[in-house]
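> test case, fold it:
(2 chains)
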There are 2 protein chains.
Amino acid sequence: MKLIQSRDNAFYKQLRRLAESGRERRKRGLSLLDGVHLVESWERCHGPVEQLIVGESALAGGEIAAYVGGREVTVLADPLLRELGIVDTPSGLLAVVETPAAKFTVDLAGDAILLDGVQDPGNLGSLLRSAAAAGIRQALLSPGCAAAWSPKALRAGQGAHFLLDIHEEADLAAFIADYRGTVAVTCLEGASDLFASEWQGPLAWVFGAEGQGVRPALIAAAGLRLRIPMPGAVESLNVGAAAAVCLFEMVRRRA
Amino acid sequence: MKLIQSRDNAFYKQLRRLAESGRERRKRGLSLLDGVHLVESWERCHGPVEQLIVGESALAGGEIAAYVGGREVTVLADPLLRELGIVDTPSGLLAVVETPAAKFTVDLAGDAILLDGVQDPGNLGSLLRSAAAAGIRQALLSPGCAAAWSPKALRAGQGAHFLLDIHEEADLAAFIADYRGTVAVTCLEGASDLFASEWQGPLAWVFGAEGQGVRPALIAAAGLRLRIPMPGAVESLNVGAAAAVCLFEMVRRRA
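Residues are numbered from 1 along each chain as shown, chains lettered A, B, ... in the order given. The predicted model follows:
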């Protein structure tokens, strides 16, 4: 067990670069996981993490101390951990892992979630979480989406990342053109009622950015345009809420 | 039209206190609305806002300039507006309004959403948005919830606040004890499948904090314990996603 107390420590400086720069994380092919739940989820899917890092006071007791048990860890003085600024409320446990590549090429006959320019990492993570919960196994993210493996998106995903094949910088239009199931998109114009419309077989759900929504070219290419019926005088739902309603309507029908 | 360029301007100093302090907002009974959509939604429900404040560059053209048209506005130099730090990405349009009180006492025979310790203002606003979209008219918030009328919660609510009677610091246990419809809560243990379970009449939905969930005493008091079936190996959904699934299952059944 190594205790780091100095900002000049070489390992700490490396860690800080990783924490601060998505570019550095991509270059080195590494991701940072914050919290017991995420680290556990990782280890269930991929085996032991390379590096466990614990805040000094978190090691004194509680959930994190119990989790790390007798394992090899690097201990950071609390201010040093806090200064990494990885997520808004750091848990005290951090792991460095190799960012997994998508295991498979895209499956043109399987369910999918397609995200078009979802910029907020919290929304992105939450969308992946709902998709994985609904049994979807592949996610395609357009250029312009937040980085899927950023600490904030990982935190919001709560382990969903490890259950999905995630394809970043994906060409959604090309996928849609070749897809062998039904492409579904929520929109307001020319859309049919989600609960009344009919579909069958595999589905690729397209969700867009808050504000702009899905790009018109993708809406035009989708086979199924749906709207969620809203009794209240509200124009739209948060994208994460809308996606959850759609994905679990799929789950309901298949049950 | 008045242009403020100095941080020492008395109006700006007042505005800054309002922006920075929930306590100040409560004391003065005022709320701040950011963005055209929110201000428009307010004006549809309550008539013209008292104070319109516009960033200097937003006045040069675009959606905000079109919205304010020839109206009386106070113009802030851009850095001054930015420094208010009201939301992460200020739109350039701000309004000061009187925080509306709940119009009615609670309706013990009407649909309701009950929030138990939801601390994140973004989650809280998004929950209110889904509830209003589903046609619910009253929200009860336990002590420990984020302030409903904070700028971040308002932004996430996208106008839902103006369609709801919002009761803050509410005694949820007392409401549940007297409620004349069915109280529904999502939980993992002893719960039946959301899509397979039966209910009718008015519903009060209880949703809890990320992490802790709904307090055990409230779960015990609920007449209907539900779980959302999840084909994927995910333990739970984001609270906003879970709430959307439940609320729109209610909408679907009533259609």
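> let me know the pLDDT of residue A:44.
For residue A:44, the pLDDT comes out at 89.
> run through the residues that contact it.
By C-beta atoms under 8 Å, 6 or more residues apart in numbering or on different chains, the contact set of residue A:44 is residue A:162. The C-beta positions use only the backbone N, C-alpha and C, and glycine is treated the same way.
> for it, give me phi and psi.
Here is the backbone geometry of residue A:44 (degrees, to the nearest 10): phi -60, psi -40.
> with residue A:93 instead?
Dihedral angles phi and psi of residue A:93 (degrees, to the nearest 10) take the values phi -120, psi 140.
> surely it and residue A:49 touch.
No: contact criterion C-beta atoms under 8 Å: residue A:93 and residue A:49 do not qualify, at 10.3 Å.
> what sits in contact with each of these two?
Common neighbours of residue A:93 and residue A:49 (C-beta under 8 Å, 6+ apart) are residue A:39.
> neighbour count for the two, which is higher?
For residue A:93 and residue A:49, the more surrounded residue by other C-beta atoms under 10 Å in any protein chain shown is residue A:93, and the numbers stand at 25 against 19.
> any idea what that one is bridged to?
residue A:54 (DSSP bridges).
> who are the contact partners of it?
By C-beta under 8 Å, 6+ apart, residue A:93 lies in contact with A:34-36, A:39, A:52-55, A:58, A:64, A:67-68.
> how about JSON lines for the residues you listed, with distance to residue B:162, neighbour count and secondary structure added?
Compiled in JSON lines, those are given as follows (distance: C-beta to C-beta, whole Å; neighbours: other C-beta atoms under 10 Å in any protein chain shown; DSSP: H, G, I helix; E, B strand; the rest coil):
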{"residue": "A:34", "distance to residue B:162": "37", "neighbour count": "23", "secondary structure": "strand"}
{"residue": "A:35", "distance to residue B:162": "37", "neighbour count": "24", "secondary structure": "coil"}
{"residue": "A:36", "distance to residue B:162": "40", "neighbour count": "19", "secondary structure": "helix"}
{"residue": "A:39", "distance to residue B:162": "43", "neighbour count": "23", "secondary structure": "helix"}
{"residue": "A:52", "distance to residue B:162": "48", "neighbour count": "20", "secondary structure": "strand"}
{"residue": "A:53", "distance to residue B:162": "46", "neighbour count": "24", "secondary structure": "strand"}
{"residue": "A:54", "distance to residue B:162": "47", "neighbour count": "23", "secondary structure": "strand"}
{"residue": "A:55", "distance to residue B:162": "43", "neighbour count": "22", "secondary structure": "strand"}
{"residue": "A:58", "distance to residue B:162": "43", "neighbour count": "23", "secondary structure": "helix"}
{"residue": "A:64", "distance to residue B:162": "43", "neighbour count": "21", "secondary structure": "helix"}
{"residue": "A:67", "distance to residue B:162": "45", "neighbour count": "18", "secondary structure": "helix"}
{"residue": "A:68", "distance to residue B:162": "49", "neighbour count": "20", "secondary structure": "helix"}
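> from those, pick the one nearest chain B.
Chain B lies nearest to residue A:35 out of the contacts of residue A:93, by C-beta to the nearest C-beta, at 10.4 Å.
> correct me if wrong: that closest one contacts residue A:91.
Yes: look at residue A:35 against residue A:91 with C-beta under 8 Å: they come within range, at 4.0 Å.
> how about the helices in the stretch 1-150 of chain A?
Assigned by DSSP state H, counting those that start in this stretch, the helices in the stretch 1-150 of chain A fall at A:10-20, A:22-28, A:36-46, A:63-68, A:78-83, A:121-133.
> select, out of these, the one closest to residue B:215.
helix A:63-68 (19.9 Å; C-beta to C-beta).
> gap between the closest one and the chain center?
With C-alpha atoms, centre = their mean, to the nearest Å as the basis, helix A:63-68 stands 25 Å off its chain's centre.
> elements contacting that helix?
helix A:36-46, strand A:51-55, strand A:93-98 (3 or more C-beta pairs under 8 Å, 6 or more residues apart in numbering or on different chains; DSSP states H and E).
> of these, which is nearest residue B:72?
Residue B:72 sits nearest to helix A:36-46 of all those, at 51.2 Å, using C-beta to C-beta.
> buried sites along the closest one?
Going by neighbour count (16 or more other C-beta atoms under 10 Å in any protein chain shown), the buried part of helix A:36-46 is A:36-39, A:41-43.
> out of these, which is nearest to residue B:130?
Closest approach to residue B:130 among these (C-beta to C-beta): residue A:37, at 24.7 Å.
> so the closest one sits against residue A:156, correct?
No: contact criterion C-beta under 8 Å: residue A:37 and residue A:156 do not qualify, at 11.9 Å.
> which residue is it, in the stretch 51-200 of chain A, that comes closest to chain B?
residue A:135 (3.3 Å).
> check contacts around that residue.
Residue A:135 makes contact with A:111, A:251, B:230-232, according to C-beta under 8 Å, 6+ apart.
> could you measure from it over to residue A:250?
As judged by C-beta to C-beta, to the nearest Å, residue A:135 and residue A:250 stand 9 Å apart.
> who touches both of these two?
Common neighbours of residue A:135 and residue A:250 (criterion: C-beta under 8 Å, 6+ apart): residue A:111.
> can you tell me the average pLDDT over stretch A:99-116?
90.
> what residues of that stretch count as buried?
For stretch A:99-116, a neighbour-count test (16+ other C-beta under 10 Å) marks A:99-100, A:106, A:110-116 as buried.
> tell me the one among those nearest to residue B:246.
residue A:113 (20.7 Å).
> wait, the closest one sits on residue A:137?
No: counting by C-beta under 8 Å, residue A:113 stays clear of residue A:137, with 9.7 Å between them.
> so residue A:142 makes contact with residue A:116?
Yes: here residue A:142 reaches residue A:116: they are 4.9 Å apart, a contact under C-beta under 8 Å.
> shared neighbours, those two?
Common neighbours of residue A:142 and residue A:116, using C-beta under 8 Å, 6+ apart, are residue A:172.
> enumerate the residues of the stretch 151-255 of chain A near chain B.
Those residues of the stretch 151-255 of chain A that sit near chain B, judged by C-beta under 8 Å from any C-beta of the partner chain, are A:156, A:158-160, A:163, A:193, A:195-196, A:228-238, A:240-245, A:248-249, A:251-252, A:254-255.
> what residue is smack in the middle of chain A?
Nearest to the geometric centre of chain A sits residue A:125, at 3.3 Å (C-alpha atoms, centre = their mean).
> which residues does it contact?
A:152-158, A:160-161 are the contacts of residue A:125 under C-beta under 8 Å, 6+ apart.
> let's see that with 10 Å instead.
Counting by C-beta atoms under 10 Å, 6 or more residues apart in numbering or on different chains, residue A:125 makes contact with A:118, A:146, A:148, A:150-158, A:160-161, A:240, B:238.
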